[in-house]
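**Student:** Sequence isn't available, so here's the structure alone:
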């Protein structure tokens, strides 16, 4: 199979360049690929410039996926911080193949990952990639979407996603350019959210229905889950973590309530945002529920003891340290967010109808999450 690529560079003189996939020109021979390019010349997106003409070459890097249920595929990211070695491959991505089209759930950290998803789908089916559904706004789930959008996919997300992502996008990209390199992030532009979900929605992929549900503030302000009704597979995004310490970027009490409600769902399996790649349910959420309960109990105890934030963070949830990966990267931030929230809840500070919500959590290496 041949595909079309074009070398793109930042318009700034001397800026980095990379070969960018041009989705939709795949063909069994180079001649047919070139003919498709001639019939439908591609347009380079704003902010980049082409370094030469498009070329056709054998298919490039394909992201690996496991079929976890019939027609349901999952790529498991590494339980690591983003760095130049892993190029940001640190979160789970899925896709579901319906009778007429394919839906992708989350898109990874960088454009190369979205391109790898496209190739993985094309290796299995020629059905159109109609949707990319984003479970929340964190960059390791969102910034790979550009290739899928160029391929014609409609972007779907929580009603709060457009604002939440727009407020952080520049910081996300700047941070990731430091962590994984500016070349890898070329083309990680704005992600246009075409369809938003305020409560629930259903999408038919052709005899295969996905149920989308927007949740109250929990892990973030924009958490969305995707249920494949045919197999009972729930893509939970970062509402569910496995092995990787949960990262609190919304409201602790809200997250506990959402998990309690989710535990009653009649489903066959859960795909978490990190780890897995699939978990039995509700047993697969027990470790996370325990951690959040410990986080709450220890935070309330620190507040009741009159501790200040800096002192409290040192002790909150330390009993959980041996049980999670990346504990030191995320627990101090979790404790800070929980302390701020529960100070209001405990009445230590003046009541406020809208307690502060965290606007960012940080990767250990300095990236914004």
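**Tutor:** Sure thing, it's come through. For clarity, every value in this text was computed on a predicted model and none was experimentally measured.
**Student:** going forward, measure contacts and count neighbours with C-alpha atoms only.
**Tutor:** Will do.
**Student:** Tell me if I'm right that residue 263 and residue 280 touch.
**Tutor:** No - using Cα atoms under 8 Å, residue 263 makes no contact with residue 280, being 10.9 Å away.
**Student:** ok, the two, which is more surrounded?
**Tutor:** Shown here are residue 263 and residue 280; by other Cα atoms under 10 Å, residue 263 has more neighbours (16 against 13).
**Student:** Identify the spatial nearest neighbour of the more buried one, chain neighbours not counted.
**Tutor:** What sits nearest to residue 263 in space, not counting adjacent residues and going by Cα to Cα, 6 or more residues apart in numbering, is residue 282, at 5.1 Å.
**Student:** That neighbour: how many residues sit nearby?
**Tutor:** Counted with other Cα under 10 Å, residues neighbouring residue 282 total 18.
**Student:** For it, give its distance to residue 215.
**Tutor:** 18 Å (Cα to Cα, to the nearest Å).
**Student:** now residue 233
**Tutor:** Where residue 215 is concerned, residue 233 sits at a distance of 17 Å (Cα to Cα).
**Student:** now swap in residue 119 and tell me
**Tutor:** Distance of residue 119 to residue 215, computed by Cα to Cα: 31 Å.
**Student:** Residue 26 now?
**Tutor:** 38 Å.
**Student:** can you pull the pLDDT of the residue nearest to residue 263?
**Tutor:** On pLDDT, residue 282 comes in at 96.
**Student:** With residue 47 instead?
**Tutor:** pLDDT, read off for residue 47, is 67.
**Student:** just residue 347 next, same as before
**Tutor:** Listed pLDDT for residue 347 reads 59.
**Student:** The one 4 residues further on now?
**Tutor:** Taken from the predicted model, the pLDDT recorded for residue 351 is 42.
**Student:** Please apply the same query to residue 16.
**Tutor:** Reading off the per-residue confidence, residue 16 sits at a pLDDT of 84.
**Student:** Got phi/psi on it?
**Tutor:** Residue 16 adopts backbone torsions of phi -70, psi 160, taken as degrees, to the nearest 10.
**Student:** how many other residues sit next to residue 66?
**Tutor:** Other residues near residue 66 number 12, with proximity taken as other Cα under 10 Å.
**Student:** what's the worst-scoring helix or strand of the chain on mean pLDDT packed up against?
**Tutor:** Sorted by mean pLDDT, DSSP states H and E, the helices and strands of the chain end with strand 48-50, the least confident at a mean of 77. In terms of contact count using 3 or more Cα pairs under 8 Å, 6 or more residues apart in numbering; DSSP states H and E, strand 48-50 is assigned the packing partners strand 2-10.
**Student:** The strand it packs on pairs with which strands, and in what direction?
**Tutor:** Strand 2-10 sits in its sheet next to strand 17-27 (antiparallel), strand 48-50 (antiparallel), strand 55-58 (antiparallel), going by DSSP bridges.
**Student:** Please parse the protein into its domains.
**Tutor:** Under automatic domain parsing, the residue ranges defining each domain of the chain are 2-58, 66-280.
**Student:** Off-centre distance for the longest one?
**Tutor:** Once both centres are worked out by Cα atoms, centre = their mean, to the nearest Å, domain 66-280 turns out to sit 4 Å from its chain's centre.
**Student:** show me the residues around the one residue sitting closest to the centre of the chain that make contact.
**Tutor:** To find the centre residue of the chain, average its C-alpha atoms and take the closest one (Cα atoms, centre = their mean): that gives residue 141, at 1.7 Å. For residue 141, the contact set (Cα atoms under 8 Å, 6 or more residues apart in numbering) comprises 91-93, 106-109, 134-135.
**Student:** Kindly report the same for residue 79.
**Tutor:** Remark: with contacts taken as Cα under 8 Å, 6+ apart, residue 79 is in contact with 90-91, 243-244, 274-275, 325-326.
**Student:** Next: residue 104.
**Tutor:** Each residue near residue 104 by Cα under 8 Å, 6+ apart is listed here: 93-96, 129, 131-133.
**Student:** Quick check: of the contacts of residue 141, which lies closest to residue 294?
**Tutor:** Nearest to residue 294 among those is residue 91, at 24.8 Å by Cα to Cα.
**Student:** how about the closest one, secondary structure?
**Tutor:** For residue 91, the assignment made with DSSP: H, G, I helix; E, B strand; the rest coil gives coil.
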